[in-house]
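J.: Fold the following and give me the result.
(one chain, ligands or ions: 1)
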Amino acid sequence: MHRLDISNLRLEYGFKRVLWDVFLRCETGKVLGLLGRNGCGKTCLMKAVYGELKLRDQYVGIDGKVLLTSERRPEDMRYLPQHDFIPSGLSVKRVFGDFGVDFERFVTDFPEFEQVYRKRIKAFSSGERRIIEAYLILTSETKFCLLDEPFSFLMPLHVQKMKEIIHREKATKGILITDHYFEDVMEVSDELFVLRGGKTWKVNERKDLELLQYIKESDGIQDR
Ligand SMILES: Nc1ncnc2c1ncn2[C@@H]1O[C@H](COP(=O)(O)OP(=O)(O)OP(=O)(O)O)[C@@H](O)[C@H]1O
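T.: Predicted coordinates for the structure are as follows:
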């Protein structure tokens, strides 16, 4: 059982306060969902927690011990960025080996990938590539996963499968997820927050999403 504490994150760009006193706590067995309007700072928050973005003010700690940017290791935390991150020239065999993930198990989840073991990453479609990248981050050994838009480019059947995998993997990990497919995020999350005005606001019921101006309930249209 591990605990990730995120507090006092502060980030400003010019006059815009992107993050201002963000507080979040994630634990093994929990999925924290983070929603918010375009440009509100969700990616900056993830990057700051992962250490890719260095802030003047921030506290990120695991099990009560501060996690310095220079000391972040994949065994503690893994991050799925919004963009492709695996070098295109590598083969599936190589990346599964590097991440220590069992390819046979992957094929059990996604049988359509059965014949791709020797294929290079550049030969996949955007959605196929997203599945591989999200799967590797989610299932490789780590204490916490940060997932920035894991459902983008995925067809509904694959979104469903990815949600099942998130649910399965949280048995051994804490997961922070953000995506504009908010109903899917709500479904997999144990706790839900909206980032607005640089702060995280706890969502207790669907109506809160409307109050926080993330959705307009009257027409039920998603924010993307
Ligand atoms: N390097 C930068 N310089 C200036 N402003 C930046 C920089 N990086 C991000 N921003 C600004 O910070 C804000 C938050 O950006 P961020 O990418 O975190 O938003 P987001 O919530 O992930 O948005 P989306 O839902 O559209 O992906 C935006 O207004 C963006 O323009």
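J.: Can you name the residues of the protein that neighbour the ligand?
T.: Residues of the chain that fall close to the ligand, judged by Cβ under 6 Å from any ligand atom: 13, 16, 18, 36, 38-44. C-beta: built from backbone N, CA, C; applies to glycine.
J.: residue boundaries of the strands in this structure?
T.: Ranges of strands in the chain, per DSSP state E, are 3-13, 16-27, 31-35, 57-62, 65-66, 77-80, 144-148, 174-178, 191-196, 199-203.
J.: What strands line up against the longest one, and which way round?
T.: I take that to be strand 16-27. strand 3-13 (antiparallel) (DSSP bridges).
J.: for the last one, same thing?
T.: Sheet pairing here is set by DSSP bridges, and for strand 199-203 it gives strand 191-196 (antiparallel).
J.: and the strand it pairs with with strand 174-178, angle?
T.: Between strand 191-196 and strand 174-178, the angle comes out at 40 degrees (axes from the mean of the first three to the mean of the last three Cα atoms, to 10 degrees).
J.: right, so of the strands of the chain, which gets closest to residue 119?
T.: strand 77-80 (20.6 Å; Cβ to Cβ).
J.: mind listing what that closest one pairs with, with the direction of each?
T.: Counting by DSSP bridges, the strands paired with strand 77-80 are strand 144-148 (parallel).
J.: quick one, the strand it pairs with and strand 31-35 angle?
T.: Going by the same axes, to 10 degrees, strand 144-148 makes 30 degrees with strand 31-35.
J.: quick revisit: who wins for neighbours among the residues of the chain next to the ligand?
T.: residue 41 (27 neighbours; other Cβ atoms under 10 Å).
J.: Thought residue 198 was touching it, still the case?
T.: Yes - the pair residue 41 and residue 198 passes the contact test of Cβ atoms under 8 Å, sitting 6.6 Å apart.
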